[in-house]
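Q: Sequence first, then the predicted structure:
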Amino acid sequence: MADYPDNLLYTKEHEWLRLSDDKKTGTVGITAFAVEQLGDVTMLELPDEGDSIEKDQVFGTVESVKAVSDVFAPVDGKVVRINSPLNDSPEYVNEAPYDEGWMVEIEITNASQLDGLMKVEAYRAFVAEQE
């Protein structure tokens, strides 16, 4: 079973959100469970810096040897930084989904949406139901 960091918030679509100390920005990626389901990631399509993203809406895609999957925004926000090394090294998503494999950093525009995300215990239970 994959390990899930306890300092993150999670979605039912298997994205994670790491909040900054001031909770005004967050870093987004996909979970180890999603990576296991996808297999080897071969390419990513991410938004541009400055793009707005909306909660539960597609903001990018992950291509793997098995499938092309959408990546959904955990909260509303504006993309302030993308992980550009993923363009040349998408394998970082497989090797370190919570570290080098992060996808975008966003400025959170609706903090009340954070309440709808799962803490690690709830996410572990959710994943256990799907396995």
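A: Good, I have the coordinates.
Q: Isn't K66 up against L38?
A: Yes. Applying C-beta atoms under 8 Å, one finds K66 in contact with L38, separated by 5.9 Å. Yep, even glycine has a C-beta here, placed from its N, CA and C like the rest.
Q: So for the two, which sits in the more crowded spot?
A: Just comparing K66 and L38: by other C-beta atoms under 10 Å the higher neighbour count belongs to L38, 21 against 12.
Q: as a whole number, average confidence for the one helix or strand S69 maps to?
A: Under the assignment given by DSSP states H and E, the secondary-structure element containing S69 is strand 68-72. For strand 68-72, the mean per-residue pLDDT is 96.
Q: Each with direction, which strands does that strand pair with?
A: In the sheet containing strand 68-72, the strands it pairs with under DSSP bridges are strand 58-64 (antiparallel).
Q: Can you tell me the SS state at the closest residue to G101 other than its chain neighbours?
A: Once its chain neighbours are removed from consideration, G101 has its nearest residue in V93; the separation is 3.9 Å (C-beta to C-beta, 6 or more residues apart in numbering). Classification of V93 by DSSP: H, G, I helix; E, B strand; the rest coil places it in helix.
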